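S.K.: any chance you can model this:
(2 chains)
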Amino acid sequence: MIERLHRAWVLIWPEFHRQNREHLDSYFTFSNYRKIWGIGIFVLAASALLPLIAVTVIHSQLIQKSVDSELILRTERLTSNARRAVTFFLEERLNALRFTVNEIQYAQLTNPDHLAEILRNLKLGFGGLTDLSVIDQTGIQIAYAGPFKLKGKNYSSQPWFVECRNCNFYVSEIFRGYRDLPHIIIVAKSFRSDGTYFLLRATLETERLIQTLSSYETGAYADIFLTNRFGILQTPSKYYGDIFEKINLPVPDYSARTQALLGTDDQGRSIITGYAFILTHNQVAETPFILMVIKQKAGMVGVWQELRSNLNWLVGLGIMVIIIVITLTCTYMVNRLYGADRAKAETMALMEQNNQLASIGQLAAGVAHEINNPLALINETAGYVKDLFIIKKQYQKDEELLENIDYILEAVERCGTITKQLLGFARKFDVKIEKVNLKEVISDVLIFHRKEAEYRNINVHVDVPEDIPEIETDRGKLQQILLNLVNNAFQAVDAGCCLDIDVASGGPDEICITVSDNGCGMPEENLQKIFDPFFTTKERDQGTGLGLTITYGLIKKLHGDLAVESKKNVGTTFIITLPVSIEEETGDHENSFSRR
Amino acid sequence: MKQYHLLIVDDEKRFADMLAKRLDLRGCKCDVCYSGQEALNILERKKFFLILLDLHLPDIYGSEVLSRIKEIDDTTPVIILTGHGTEKDRRQCMQQGAYAFMHKPLGIEELLSILAQIGEMAA
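M.R.: The predicted model follows:
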């Protein structure tokens, strides 16, 4: 469970984000793992998401165009149908007037009773007619049938009458006129045998026309109405004003065909405008009407927009999933790469450390060699001087001089011991199993610290019982192990403290070497990590953090084990367990620390 | 002390001479030479009780000299006395039949005890 939680945590906050590895920087193949991680996510996300986004946008635009095209087509069809209905409405009534003037004599038409009869029949046949009147070419109303008393009224100055002089049929705009009610007048002109003409005029109620238009309204977002060519509403509009108001939409340019186009209205709503100029059949009469069908796009494309919204959510969700998967994958991969690189860097650092140690060993050997010859000469010369005194009795015996010669010989002996130690240190890189006397090895190691122990007043106690046998092991490696542990102990203790090195039998085939001090000790949490490479509690540049790692590796190489006990401010004890004898490994690299 | 006849082979002239003088004082007769070839020439003519041989000689390396000495006279013990000996040298010389492999500086008493030891063995 804890392992799983740890793995999850590594994915969320990976090692390369938090690792401080300054001391290893130069060994890493890649320097900036966060950058690699960022670039990895960006490139993968870009290559995965760009095609998806591009396809989504193109698909969306195609759908949009297709929907627009469909909406335009439907609006055009609706406009066309409504246009036919309005045209038919007007043509039907114009043709009725035409039939009347052609079939019925002028005298009969001017007879009020007959005219009233005709009006009644027309109302029965077509409906929507208010009155009927006959006007001569001077503009005087000669006969009238209808609810108003308009007989004798002079229309000569009315614009419609003026226009009728030049055409045979006329359809007016919707206007209020004398009766103050919206109405349309339609006029048919007829010539008499004497060359004069008269006009048969009918007044149409607008209700029937409005009803006809209303029947073509489809849904709440559609608006259908008539305007004149100046944009004045001829029938009431649902959204753009009442009758006789000016619409806030551009008046379309003349076109003989029904048209539909996309645009926006004065309130910024996206609309589809269908329009048609109303012309009667064969263009017998021009009308002032423009049929307009306005559809609000938002209402018309509701279903599609919902679909698009769902699709967008789906794509958005997909993008999020892709980004999460890419991020997690990148994190995992980069973390693995980082782990491998770190392991490599640690190995390289260890190798360099080993090489440095080997170089120090070679240097020590070189120095020891070079010193040995002059040392031998001093030894022999001083010895000879002493011989002159003692053996040849050639000179008068001078106690002081003899004493000084003894000092020289003693110093030479000490130097000789040190150079032998240095050579021994250098030899630790040779793999060699031999019989090793532990007392000697410990004594050899402590020679390096004798002066320091005296100077710092550190009490060093060595206890090797007489019955401890010589063990078969690698002397050089054992020396280095002990040297490292003694070095550590010396760094941990203050003046007046103790360092104990005890050897004891650990069973028939094992011996235990205990190196304990009563120095500063370590907190328990550090005990878990002290054998990790580069773990150090020393200040920067004071320790490499490799000493105990190498020591541990060397002990494993000797088929032994290393345990540690420590208590803060009480002291530390290292317990080395070694087999009494081991066999030399064949084909083993001497500086390799791999465990078998 | 029994008078032993020793050959000291060392290119460090002062060291060789001084060691010869000191052994002489202790009743040993010492011949001294400073190169490998010189030593081999002497050995063609003379027989010694013990040969003290340095490794880093100017003409022939000590182990090679040892090998040739053994060809001339297999019975004379040879002690390698060097300031430059490595573990590899030690192993090689011991395999070639050196009596001992010792590092400079060497105490005169230690050398005398070895002489005594060889003397006892010879007797």
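S.K.: which non-adjacent residue is nearest residue A:108?
M.R.: residue A:114 (4.8 Å; CB to CB, 6 or more residues apart in numbering or on different chains). C-beta coordinates here come from the backbone N, C-alpha and C atoms, glycine included.
S.K.: cool, and residue B:65?
M.R.: Leaving aside its sequence neighbours, residue B:65 sits nearest to residue B:36 (CB to CB, 6+ apart; 4.0 Å).
S.K.: same question, residue A:498
M.R.: Per CB to CB, 6+ apart, closest to residue A:498 is residue A:459, 4.7 Å.
S.K.: how close does that neighbour sit to chain B?
M.R.: Separation of residue A:459 from chain B (CB to the nearest CB, to the nearest Å): 31 Å.
S.K.: so what's that residue up against?
M.R.: Counting by CB atoms under 8 Å, 6 or more residues apart in numbering or on different chains, residue A:459 makes contact with A:453, A:496-499.
S.K.: for residue A:289, what are phi and psi?
M.R.: phi -90, psi 140 (degrees, to the nearest 10).
S.K.: give the helix, strand or coil label for the nearest residue to it once chain neighbours are set aside.
M.R.: In space, not counting the residues next to it along the chain, residue A:289 is nearest to residue A:278; the distance is 4.1 Å by CB to CB, 6+ apart. With DSSP: H, G, I helix; E, B strand; the rest coil as the basis, residue A:278 sits in strand.
S.K.: which phi and psi does the residue most central in space within chain B have?
M.R.: Centrality entry for chain B: nearest residue to the mean C-alpha point is residue B:52, 1.1 Å, by CA atoms, centre = their mean. Dihedral pair for residue B:52: phi -100, psi 120, per degrees, to the nearest 10.
S.K.: do I have it right that it meets residue B:15?
M.R.: No - using CB atoms under 8 Å, residue B:52 is not in contact with residue B:15, being 10.5 Å away.
S.K.: what sits against the residue of chain B found nearest chain A?
M.R.: In chain B, the residue that lies nearest chain A is residue B:83 (2.9 Å; CB to the nearest CB). Listed by CB under 8 Å, 6+ apart, the contact partners of residue B:83 are A:369-373, A:375-376, B:56, B:103-104.
S.K.: residue B:8 too?
M.R.: If you count contacts by CB under 8 Å, 6+ apart, residue B:8 has them with B:16, B:19-20, B:30-33, B:52.
S.K.: what subset of the residues you listed is buried?
M.R.: B:16, B:19-20, B:30-33, B:52 (16 or more other CB atoms under 10 Å in any protein chain shown).
S.K.: among these, which are located in helices?
M.R.: Judged by DSSP state H, the buried ones among the contacts of residue B:8 include B:16, B:19-20 as members of helices.
S.K.: that older thread, greatest separation within the contacts of residue B:83: which pair is it?
M.R.: A:375 and B:56 (14.9 Å; CB to CB).
S.K.: which one is the residue in chain A that chain B sits nearest to nearest to, not counting chain neighbours?
M.R.: Relative to chain B, the nearest point of chain A is residue A:372 (2.9 Å; CB to the nearest CB). In this structure, residue A:372 finds its nearest non-sequential neighbour in residue B:83, 2.9 Å apart by CB to CB, 6+ apart.
S.K.: check what pLDDT the one you found gets.
M.R.: Note on residue B:83: pLDDT of 83.
S.K.: from residue A:114, how far out is it?
M.R.: Using CB to CB, to the nearest Å, we find residue B:83 at a distance of 159 Å from residue A:114.
S.K.: do residue A:146 as well
M.R.: 14 Å.
S.K.: got it, and residue A:338?
M.R.: Counting by CB to CB, the gap from residue A:338 to residue A:114 is 109 Å.
S.K.: also residue B:42?
M.R.: Distance from residue B:42 to residue A:114, by CB to CB: 176 Å.
S.K.: and residue B:108, by the same measure?
M.R.: Residue B:108 is 174 Å from residue A:114, by CB to CB.
S.K.: out of these two, which sits in the more crowded spot?
M.R.: Between residue B:108 and residue A:114, residue B:108 has the larger neighbour count (other CB atoms under 10 Å in any protein chain shown), namely 19 against 16.
S.K.: which strand or helix spans the residue nearest to residue A:108?
M.R.: Residue A:114 belongs to helix A:112-125 when assigned by DSSP states H and E.
S.K.: list the buried residues of that helix.
M.R.: Here helix A:112-125 shows A:114-116, A:118-119, A:122 as buried, counting by 16+ other CB under 10 Å.
S.K.: interface residues of chain A facing chain B?
M.R.: A:365, A:369-373, A:375-381, A:383-384, A:387, A:391-392, A:412-413, A:415-416, A:419-420, A:423, A:427, A:430, A:432 (CB under 8 Å from any CB of the partner chain).
S.K.: nothing else from me, thank you.
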